[in-house]
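J.: got a predicted structure here, sequence first:
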Amino acid sequence: MRNLITGLGILALSLAVPAGAYAAEAPKPAAKTASVDWAKKSFDEIQQGAFKGDADAQYQLGLSYMYESPIQDYFTALRWFQSAADQGHGLATYTAAIMYALGQGTPVDFGRAMALYKLAAERGVVRAYSDIGIAYREGEAVTKDPVEAVKWFRKGADLKDPQSIMLLGRSYIDGIGVEKDIAKGLVLMEAAATLGDIRAQQSLAAYYYFGNLGITDYTKAFQWAEKAAENGSVWGHFYAGMMHELGRGTTIDYIAALQHYAIAVKQKHAQSLVRMAGMACRGQGLKQDIPGCTKILSGLAGQGMPDAFFMMGELYETGGGLPKDLPRAYVWKHFGIILRDGKADEWPKELNYLSDGFTLAERARLPGLRTEVAKAVGIRIEGAADGKVSWNEVRPSDFHFSNLRQPVAPLDASFSQPVIWKSENEPLHTPYQPG
């Protein structure tokens, strides 16, 4: 039901947005047109205004109880939002809807949340249209109805709500609730991105970079990645960093790439950490640090992150800081495919370019290398004794990840940018999607 909250979903690479991928955040104080700008008043003054029945003051007091840590109290915040909503305050109505959806200060009540979202829309909060549309698209609090969802997205889009425009564009791209029209969807996505929607910006970067909509345009991908990065998107920093690193859509600039990656890594973005580690192995833009980079990649791989397996495979395949070893590269990438796709073909087609050239001796090395790599990253596969894996029976649930190897910063690491590494108590890897 988190989708009903605000619809702040992040669009993925083909990246479809998983159900439930939308996060919520109550709106910050908007510019005031009333005679009193309560956002500039002291807490005591706001409280006095609230007790006198001023709806704007009550809304501002609710925000204070919601966000100010010394006094944070969701129950009291909701009480003030409800009081302001009872007087017709649109933003207070919308924020109360969010709290009912999240169960903040109240038991979760999706039906009440939906009613308040619709009331907020009637009261001029255009962002509520996208939330209502998401509820219909996902079937949360209402019967699932993608066509009805598109109607709500269109209503918000007609009122120039960037999020509604973005979601309408995504509906056309995916062909959900409306006839599929990628060209029209991209036009809408670009319109939303131009209006400042970060999700549209980072998604366009992914679309144009990977070409999964049939259009590859590195120049446009870099343009939207930079714009998303400017607006604080970790995925924007990731894509901009990758394009600086590889010279796609812009010139190769290792320092700029590292700066983008470092910003994202500070926000626990695992894919950026993988790219930084790869650059450290190769000595690109910083002093080569093979022990440090391989320790980080092994730690991430041990947490079940496919990208780390692929990077290790790439390093062995190209000899980028590590001895060139194609069978070893094959095993690393094979594990990555198993984790990414949830299935285990003995000879995946996408690795045929490696396996087709193997000699009998190289093929004979594979079972031992599988066991070696699995042990190196702390992975155990059921039935994998002596490297003899029954590939047709391996399932994602057969993988057991240990916490023996944590990707902590090595004492001798030589990364040029300060990095905040993963703490032991919070997972670093999340499903591969922008956001």
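T.: Done, it's in. Numbering: from 1, shown residues only.

J.: dump the residue contacts of the nearest residue to residue 226 once chain neighbours are set aside.
T.: Leaving aside its chain neighbours, residue 226 sits nearest to residue 240 (5.3 Å; criterion: C-beta to C-beta, 6 or more residues apart in numbering). In this view, the C-beta of every residue, glycine as well, is placed from N, C-alpha and C. By C-beta atoms under 8 Å, 6 or more residues apart in numbering, the residues touching residue 240 are 205, 222, 225-226, 228-229, 256, 260.

J.: may I ask which helix or strand encompasses residue 240?
T.: Following DSSP states H and E, one finds residue 240 within helix 234-246.

J.: distance between that helix and the chain's centre?
T.: 14 Å (C-alpha atoms, centre = their mean, to the nearest Å).

J.: buried ones in stretch 137-147, by neighbour count?
T.: 137-138, 140-142, 146 (16 or more other C-beta atoms under 10 Å).

J.: could you identify the most distant pair in these?
T.: Maximum pairwise distance in the buried residues of stretch 137-147, criterion C-beta to C-beta, is 15.3 Å, between 141 and 146.

J.: just the pLDDT at residue 67, thanks.
T.: Listed pLDDT for residue 67 reads 91.

J.: okay, now the unreliable bits of this structure?
T.: Within the chain, the stretches with pLDDT under 70 are 1-34, 69, 379-435.

J.: please parse it into its domains.
T.: Here the domain assignment for the chain is 2-144, 198-298, 304-402, based on automatic domain parsing.

J.: now distance to residue 164 too, for these, in CSV please.
T.: As requested, the domains of the chain are arranged in CSV below (distance: least, C-beta to C-beta, whole Å):
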stretch, distance to residue 164
domain 2-144, 4
domain 198-298, 11
domain 304-402, 32
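
J.: quick one: which of the ones you listed is nearest residue 188?
T.: Nearest to residue 188 among those is domain 198-298 (8.5 Å), distances taken as C-beta to C-beta.

J.: and that closest one, how far out from the chain's middle?
T.: Here the centre of domain 198-298 is set off from its chain's centre by 14 Å, with C-alpha atoms, centre = their mean.

J.: what do you get for stretch 44-53?
T.: 40 Å.

J.: could I get the buried residue list for that stretch?
T.: Buried residues in stretch 44-53 (16+ other C-beta under 10 Å): 46-47, 49-50.

J.: looking at those residues, which is nearest residue 201?
T.: residue 46 (34.9 Å).

J.: I figured that closest one hits residue 40, correct?
T.: No - the criterion here is C-beta atoms under 8 Å, and residue 46 misses it with residue 40 at 9.8 Å.

J.: counting neighbours, what do you get for residue 133?
T.: Look at residue 133: counted by other C-beta atoms under 10 Å, it has 29 neighbours.

J.: what is the burial count for the closest residue to it other than its chain neighbours?
T.: Nearest residue to residue 133, sequence neighbours excluded (C-beta to C-beta, 6+ apart): residue 152, at 3.5 Å. The local packing of residue 152 (other C-beta under 10 Å) involves 27 other residues.

J.: check the gap between residue 152 and residue 126 for me.
T.: 11 Å (C-beta to C-beta, to the nearest Å).

J.: shared neighbours of the two, anything?
T.: In contact with both residue 152 and residue 126: residue 164, using C-beta under 8 Å, 6+ apart.

J.: what sits against residue 306?
T.: 336-337, 339-340, 432.

J.: just residue 267 next, same as before
T.: residue 234.

J.: what secondary structure does it sit in?
T.: Using DSSP: H, G, I helix; E, B strand; the rest coil, the structure places residue 267 in coil.

J.: swap in the one 10 residues further on?
T.: Local secondary structure at residue 277 is given as helix here, using three-state DSSP.

J.: before I go, just wanted to say thanks for your time.
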